[in-house]
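> Structure here, sequence nowhere to be found:
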């Protein structure tokens, strides 16, 4: 998980530094190198010697480290904004995600039972049953990996998209709103997103399916190993690449249309997020079902050798409808989740920009009138 978080941070830092204003160079080179060369200086130019500044005092290791950390934090602004937005949205929608996973795992272990007679049949029925049988907090089993993973997951997804969009638009001299630019950026975002999200998905599903028996994060990693964290990664890519390729263009175009009609920023971001979530989540549900079955840790039901074997057996034994198990809670979770996360992201980003602008202008903390001056006037 640490390596994934580092990967996500690096991608987000790159995106933030490219998207933001270029930082001023710490070491300024002289405009004319001749002035710095003693053998070219004229003896009749004492002014140059008088104006020469002493060499700066070398910084201590603590100052150097502090400067480096401060620069990294400033450059990774988008990463931290995305982390807060993703964690907030993920926590809000987690019970719905638990219902989706339980329904998909139940369909795998209870294939011989009619859908109407299975343990988990619908979103609210599943949530109610889990809360009644195992306690309300059981709806949040597996949340910790999501909170930990939401930072790199959301940051990678958004930052990779913004970086790819800006780079593609600049290289091919196109608008950032061109459909082909948005589509290509979405594909890249989905590819990068899966690197951070798959381990989180594996750990999350263990908690959601096994409950307390799933153990903690450390215990799960010891049991399944590092390779186990990438179980079902092909199905994850098959889900995330087309999802992002559909979602981000739909979101950008819809938001732009709403803003052109005079809808305010918050409403346009939320509305575009909901529309894009529904449009992208529904058709990619079959890949999500296959991914969940491959990552399902519960003993029982059919065991699959891989994504293609899973697809083949599901089609033969259960029919095409089995690929859309849990489509309602998936759409009901993904659409509000991304609407909340992207809206929060844009609102926080706007707020930070305002604060930065006021800070540069010196108006963030207005100076109070001199108290002594006031007393003198009285």
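Sure thing, it's come through. These figures come from a predicted structure and were not determined experimentally.
> any idea how far residue 154 is from residue 283?
In this structure, residue 283 and residue 154 are separated by 22 Å, where distance is defined by CB to CB, to the nearest Å. In this view, the C-beta of every residue, glycine as well, is placed from N, C-alpha and C.
> all strands for this structure, in order.
Chain-ordered strands for the chain, with DSSP state E as the definition, do not occur.
> May I see the buried residues of whichever helix in the chain runs longest?
As assigned by DSSP state H, the longest helix anywhere in the chain is helix 327-361. Of the residues in helix 327-361, those buried under the neighbour-count criterion (16 or more other CB atoms under 10 Å) are 327-349.
> chain center to that helix, what's the gap?
Using CA atoms, centre = their mean, to the nearest Å, the mean C-alpha position of helix 327-361 is found 11 Å from that of the whole chain.
> likewise stretch 133-140?
How far stretch 133-140 lies from its chain's middle: 27 Å, per CA atoms, centre = their mean.
> for the record, mean pLDDT for it?
In this model, stretch 133-140 has a mean pLDDT of 91.
> Only the buried residues of that stretch, if you could.
Within stretch 133-140, the residues scored as buried using 16+ other CB under 10 Å are 138-140.
> okay if I get these as TSV plus distance to residue 241?
Below are the buried residues of stretch 133-140 laid out as TSV (distance: CB to CB, whole Å):
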residue	distance to residue 241
138	32
139	30
140	29
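> Nearest to residue 292, out of these: which one, please.
For the buried residues of stretch 133-140, the minimum distance to residue 292 (CB to CB) is 17.1 Å, reached by residue 139.
> which residue sits closest to that closest one, ignoring its sequence neighbours?
residue 95 (4.1 Å; CB to CB, 6 or more residues apart in numbering).
> The one you found: what's it in contact with?
The contact partners of residue 95, by CB atoms under 8 Å, 6 or more residues apart in numbering, come to 127, 139-140.
> From residue 159, how far out is it?
If you measure residue 95 against residue 159 using CB to CB, the figure is 28 Å.
> now do residue 137
Using CB to CB, residue 137 is found at 33 Å from residue 159.
> Touching, residue 339 and residue 266? I think so.
No - shown here, residue 339 and residue 266 do not form a contact pair, counting by CB atoms under 8 Å, at 10.9 Å.
> which one is the residue nearest the centre of the chain nearest to, not counting chain neighbours?
For the chain, the residue nearest the mean C-alpha position is residue 154 (0.6 Å; CA atoms, centre = their mean). Nearest residue to residue 154 in three dimensions, chain neighbours excluded: residue 86, at 2.7 Å (CB to CB, 6+ apart).
> Neighbours of that neighbour, how many?
Neighbouring residues of residue 86 were enumerated by other CB atoms under 10 Å; the total is 29.
> just for the stretch 101-250 of the chain, where's the confidence low?
Judged against pLDDT under 70, the low-scoring parts of the stretch 101-250 of the chain cover residues 151.
> now the helices for the stretch 51-200 of the chain?
Counting by DSSP state H, counting those that start in this stretch, the stretch 51-200 of the chain has helices at residues 61-75, 77-92, 94-109, 123-134, 143-171, 179-210.
> which parts of the fifth one are buried?
Residues of helix 143-171 classed as buried under the neighbour-count rule (16+ other CB under 10 Å) are 143, 145-169.
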